[in-house]
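Enquirer: fold the following and give me the result.
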Amino acid sequence: MTLADTIDFFPPEEWQTDGFTLRSWRPGDGPAIFQAVDSSRHHLRVFMPWVDKHATLADSEHYVRGARAAYLKAEKCDLGVFAPDGRVLGGSGFFARDGWLAEGKAEIGMWVRADEAGRGLATRILLEMLRWGFTDWPFLRLAWRCSGSNAASARVAEKGGMRLEGVLRAYTVEPDGTREDTHVYGILRHEWVAR
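Expert: Just a heads-up that it's a prediction; the model follows:
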């Protein structure tokens with residue numbers, strides 16, 4: 001895919017599984033994401049200081065509207081993870097940290113609400129993100145980054161079949177001001193297909 005081709009690329013609307021649906025945030029999703037984040041602040045804040053940008057319902061509604069606009073313009077893919085009953089289980093997405101559609105690469109990000117953590121949901125989400133990214137999206141390479149002290153996130157990447165490709169030493173400034181290594185994982189489309 002060339003840069004010119006990305007103008008004609010329309011991001012797929014959603015990806016459905018038996019246990020959840022991955023889809024772009026939409027206007028009106030603000031209360032649902034706010035509830036998920038608000039109930040998980042202490043759990044998420046350790047590695048994700050962005051939770052403080054969801055201080056009010058209005059903040060969350062503003063966020064989902066901006067995320068939808070960026071999705072429609074294929075600038076980034078910020079997704080909600082929705083249970084069959086509509087409850088927000090977490091969020092994920094394909095992000096343009098080191099490249100994007102024209103280069104055939106993106107980084108997967110993810111968070112899971114506190115009351116769903118530790119039960120394999122993150123691994124299931126990652127596997128579906130990889131499957132979706134290597135089928136309906138034009139990605140040839142997908143990456144995952146996590147703090148060197150986030151063992152749970154590293155396990156998710158490894159269970160998803162991603163390889164540790166390197167360590168960026170003292171790369172991230174954590175919310176408490178300490179510097180942490182960042183572990184970079186990656187997987188290529190042909191590696192995924194070969195699984």
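Enquirer: average pLDDT across the longest helix along the chain?
Expert: Taking DSSP state H as the criterion, the chain has its longest helix at helix 57-72. Averaged over helix 57-72, pLDDT sits at 95.
Enquirer: flag every buried residue along it.
Expert: Under the neighbour-count criterion of 16 or more other CB atoms under 10 Å, helix 57-72 has 60-61, 63-65, 67-68, 70-71 buried. For the C-beta atoms, the positions are set from N, CA and C on the backbone; glycine is no exception.
Enquirer: just checking, next helix/strand downstream of it?
Expert: Downstream of helix 57-72, the first helix or strand assigned by DSSP states H and E is strand 77-82.
Enquirer: pretty sure residue 152 is in a strand, no?
Expert: No - Residue 152 is assigned helix when assessed by DSSP: H, G, I helix; E, B strand; the rest coil, not a strand.
Enquirer: which strands and helices lie in contact with the longest helix of the chain?
Expert: For helix 57-72, the elements it packs on are strand 21-24, helix 30-38, strand 77-82, judged by 3 or more CB pairs under 8 Å, 6 or more residues apart in numbering; DSSP states H and E.
Enquirer: make it 10 Å
Expert: Helices and strands touching helix 57-72, by 3 or more CB pairs under 10 Å, 6 or more residues apart in numbering; DSSP states H and E, are strand 21-24, helix 30-38, strand 77-82, strand 88-95.
Enquirer: can you put these in TSV and add distance to residue 135, mean neighbour count and mean pLDDT?
Expert: TSV is the format used below for the helices and strands packed on helix 57-72 (distance: least, CB to CB, whole Å; neighbours: other CB atoms under 10 Å; pLDDT from 0 to 100):
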stretch	distance to residue 135	mean neighbour count	mean pLDDT
strand 21-24	13	19	98
helix 30-38	26	20	95
strand 77-82	14	24	97
strand 88-95	13	22	97
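Enquirer: out of the ones you listed, flag the one nearest residue 130.
Expert: Closest approach to residue 130 among these (CB to CB): strand 88-95, 10.5 Å.
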